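**Q** Generate a structure from the sequence data that follows.
(chains A and B)
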Amino acid sequence: MKVSEKDVLYVADLANLELTPEERTRMLRDLNSILEYVDRLNQLDTSGVPPMAQVSDRYGVPAKSGTTRFEYAMRADELGECLDRELALANAPESDGTFFKVPKVIER
Amino acid sequence: MDLGFLTIAGTLTAIRERQVTATTLAEDFYRKIAAEDGEIRSFLSLSKERAMEAAAKVDALAAKGAPLPPLAGVPMAVKDVLLTRGVRTTAGSKILGNYIPPYDCTAVSRLEAAGAVVLGKTNCDEFAMGSSTENSAYGPVRNPHDKSRVPGGSSGGSAAAVAAGFAVATLGSDTGGSIRQPASFCGVVGLMPTYGRVSRYGLIAFASSLDHIGPFTHSVKDAAILLGIIAGRDPLDSTSANIPVPDYAAEINKPVRGMKIGVPKEYFTEGMDAEVRTAVEDAIQLLAAKAGCEVVPISLPHTPYAIPTYYLVATAEASSNLARYDGVRYGHRSRESSTLSEMYRRSRDQGFGPEVKRRIMLGTYALSAGYYDAYYLKAQKVRTLLTRDFEEAFAKVDAIITPTSPTPAFRLGEKVDDPLSMYLADIFTVTADLVGVPGISIPCGNSREGLPIGMQIMARHFDESTLFRLGHAYEQARSAA
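**A** As a prediction, the model looks like this:
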């Protein structure tokens, strides 16, 4: 599958990246080269093969009857410690002491 | 005191016997870093205040004759993708150039609770994306064995720091080979534990199903000690396994006689670097002849599909993980934007380097409507096939030994213009990340030009003990030879 300039613009839009014209040209070339290489996966017959998103799908804690698969990752729904507001805002490029400040969102 | 080859045991002995204090030791290491790291550039930040505080605590204990914690006074450093509260953490990127984390990475906290002295943060490829550390926004790291060459990546700084004697041990991260490959290029031991063995809390995420934290050390024993300290369930990381942590260091001398070593033909191909092949084959033969291991030829037939699988899964996950860098709450914000949308786009375009942008684009494309099935879903299915290869192999053998990298360290600038050629450098390491098995790289010789060569040992999930026992047996056999 070949990537076109239109695809590059569309994907950059999805990824929230404003590429310069030089970057777009390079990206077109690189993406095509990589995707051409990646295409070899189609040599494999994967019909009937379950997808594997998480390694721990295969070796997680053995399921006990009556519990969910992710029981081990659960905890009681109790309030714990929260990050102090001052610390949370400490790296903010702009803030009013309570909120993070950002440029306006344009209404359509 | 030769800082260059100090081990954890050596440090503890020296401090316990009052040959040196933790404070003077830390000062000695800082002096060495100041004198020699200008050229190598393995460090991005030094955390002197924090280090000297930790050293002082150890010295107070030693002065009283109180028992010392297991890493008392051991000078260490951690890759700049591991968060350190109050100490600048950049992920090797300009987008986090001034970021001061409000919390610590669990692995780092555990090291410090054990008495380690964290000297600073090491240089790395931006967001851990790279195989040479040439993608760092702060300049590349040079290989201490040959400064015209790369140290490997993405944890090049952590590997180089140990090789150059700037730290007794360091922590790095591995997503496609980023601990093992630089360990191989720099002639040190590098361990990637089983996925879920070590908490990822506080590791700046690249690909959440592939990221691992692990140590660089001078010896297999030191790696075993460190794993024992950082491993174990962490309620802050729901993917950290609830499986007990064995005393790895205590088990290291258990004999390996009779252990079956699998040698996969797909990793010893026609036309591969002859010196790498010889060094690794000799190492395997040494284990057979001196340690009584049995060598079993095996096949991992889906090996040629590992790199394309990796570059779809990893980039897709990265495109999601790096969406948070938007200039809102932390990191670089573009000032000339008048709308929120412009701010997102410009902050990201200005803050990210070319490789990061390339991977975000590739990952976004692979997940986008119309392409998800053909790319991302397909890759996840091949991931299952790769896992089955390993399951079948481990039914016949206890460990798998391969070269860590097809070549020794390449020259700076050699692969920067061809991303695909750089990706192929990971060919022997990516499968372990995809499948989740642990892998260790151990130095096993040098090329004619004096460049280190590493062998990789892989074992079953949560069987790091086998890695340590075999590795230790190899080190013993080698020094006796």
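**Q** List the buried residues for stretch A:17-27?
**A** Counting neighbours by 16 or more other Cβ atoms under 10 Å in any protein chain shown, one finds that the buried residues in stretch A:17-27 are A:Leu17, A:Glu18, A:Leu19, A:Glu23, A:Arg26, A:Met27. Glycine gets a C-beta too; all of them are placed from N, C-alpha and C.
**Q** Is chain B within reach of the helix or strand harbouring the fourth one?
**A** Using DSSP states H and E, the secondary-structure element containing A:Glu23 is helix A:21-38. Yes. For helix A:21-38, a contact with chain B is found by Cβ under 8 Å from any Cβ of the partner chain, at A:Glu23, A:Arg26, A:Met27, A:Asp30, A:Leu31, A:Ser33, A:Ile34, A:Leu35, A:Tyr37, A:Val38.
**Q** Just send those back as CSV, with pLDDT too.
**A** Conversion of the residues of helix A:21-38 next to chain B to CSV gives the following (pLDDT from 0 to 100):
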residue, pLDDT
A:Glu23, 93
A:Arg26, 93
A:Met27, 94
A:Asp30, 92
A:Leu31, 93
A:Ser33, 92
A:Ile34, 92
A:Leu35, 92
A:Tyr37, 92
A:Val38, 93
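**Q** Farthest pair within the buried residues of stretch A:17-27?
**A** A:Glu18 and A:Arg26 (14.8 Å; Cβ to Cβ).
**Q** And the spatially most central residue of chain A, how far from chain B?
**A** Note on chain A: the residue nearest the mean C-alpha position is A:Ala15, at 9.7 Å, using Cα atoms, centre = their mean. Computed with Cβ to the nearest Cβ, to the nearest Å, the distance linking A:Ala15 and chain B is 4 Å.
**Q** could you measure that residue against B:Asp326, distance?
**A** Summarising the geometry, the distance separating A:Ala15 from B:Asp326, computed by Cβ to Cβ, to the nearest Å, is 11 Å.
**Q** likewise B:Tyr195?
**A** 28 Å.
**Q** Tell me the helices and strands packed up against the helix or strand of chain B with the lowest mean pLDDT.
**A** Of all the helices and strands that make up chain B, helix B:419-423 has the lowest average by mean pLDDT, DSSP states H and E, namely a mean of 83. The contact analysis (3 or more Cβ pairs under 8 Å, 6 or more residues apart in numbering or on different chains; DSSP states H and E) places helix B:419-423 against helix A:21-38.
**Q** and with 10 Å instead?
**A** Applying 3 or more Cβ pairs under 10 Å, 6 or more residues apart in numbering or on different chains; DSSP states H and E, one finds that helix B:419-423 makes contact with helix A:21-38, helix B:306-321, helix B:354-367.
**Q** Show residues contacting that helix.
**A** Contacts with helix B:419-423, where a contact means Cβ atoms under 10 Å, 6 or more residues apart in numbering or on different chains, come from A:26, A:29-31, A:33-34, A:36-38, B:130-132, B:134-135, B:153, B:176, B:307-308, B:310-311, B:354-355, B:358-359, B:362, B:410, B:414-416, B:430.
**Q** Touching, A:Val55 and B:Leu210? I think so.
**A** Yes. A contact is recorded between A:Val55 and B:Leu210 when judged using Cβ atoms under 10 Å, the distance being 8.5 Å.
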